[in-house]
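A.B. asks: Generate a structure from the sequence data that follows.
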Amino acid sequence: MAKLINKVDRTVTLDDKTEIKIYVQRPNNNLVKLADRHKSKAWNQAIQDDVLTKKELAVLMDNRGIWDETKDKQEDEITQRIVKLEQELYTGGDGKSKPKVSEGRDIAVEIRRERMDLRDLIAERISLEENTAESLADNARFDFLVAHCTYYENGSRVYNSFEEYNQKSADEIAFSAASALGEILYN
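C.D. replies: Below you'll find the model as predicted:
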């Protein structure tokens, strides 16, 4: 079982070589609720702005031949092959004994090939899904959490508001804070 991370310390070096010490802490339940509310507002705004949902995008991609049932089937087949190969690698073909090192290496290489094929297959769909209402809302939730969970080493908040974080989201501190929060939330 993975260990729960509650706090990540970072030292950020700015362009002028100044070092800033920050930490990002795990959001509490109240902050998560506020972030979820922020996400909901962002989703509603995206819908009002005629941003497609994932379901609408799926229909559009099917209609335009970008992603159809054939590609869905290919994705499923590759995923099933990967799962089968992983089982073979960890438990052996018979489920009782692990494969020999040379066989394990060959299986690992095949898994890597299959994963690359899967990545290449779904890359276009994923790039389009980044701009759906759901993805924009998820990003807004994450940004809200970064803005409210990031502190200087003395305990004062780095960002006084979500809006301030949004204005500075391309700087080194924001990037480091987002990376640290990702580490906390997604281990």
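A.B. asks: make it CA atoms for all contacts and neighbour counts henceforth
C.D. replies: Will do.
A.B. asks: Who are the packing partners of the longest helix belonging to the chain?
C.D. replies: As assigned by DSSP state H, the longest helix anywhere in the chain is helix 101-129. Judged by 3 or more C-alpha pairs under 8 Å, 6 or more residues apart in numbering; DSSP states H and E, the packing partners of helix 101-129 are helix 69-91.
A.B. asks: Render the CA-only coordinates of whichever helix or strand comes after the longest helix of the chain in CSV, please.
C.D. replies: Downstream of helix 101-129, the next assigned helix or strand under DSSP states H and E is helix 133-149. Extracted in CSV, the C-alpha atoms of helix 133-149 (Å, rounded to 0.1, in the frame of the first residue of the first chain):
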residue,chain,number,x,y,z
ALA,A,133,-15.8,20.9,-20.5
GLU,A,134,-14.9,18.1,-18.1
SER,A,135,-11.1,18.6,-18.6
LEU,A,136,-11.3,22.3,-18.2
ALA,A,137,-13.3,21.9,-15.0
ASP,A,138,-10.8,19.3,-13.7
ASN,A,139,-8.0,21.7,-14.4
ALA,A,140,-9.8,24.6,-12.6
ARG,A,141,-10.3,22.3,-9.6
PHE,A,142,-6.6,21.4,-9.5
ASP,A,143,-5.5,25.0,-10.0
PHE,A,144,-7.8,26.0,-7.1
LEU,A,145,-6.2,23.5,-4.9
VAL,A,146,-2.7,24.6,-5.8
ALA,A,147,-3.6,28.2,-5.1
HIS,A,148,-4.9,27.3,-1.6
CYS,A,149,-2.3,24.6,-0.6
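A.B. asks: Give me the contacts around helix 133-149.
C.D. replies: Identification of contacts with helix 133-149 by C-alpha atoms under 8 Å, 6 or more residues apart in numbering yields 24-27, 31-32, 35-36, 38-43, 46-47, 51-54, 129-130, 157-162, 165-166, 174, 177-178, 181.
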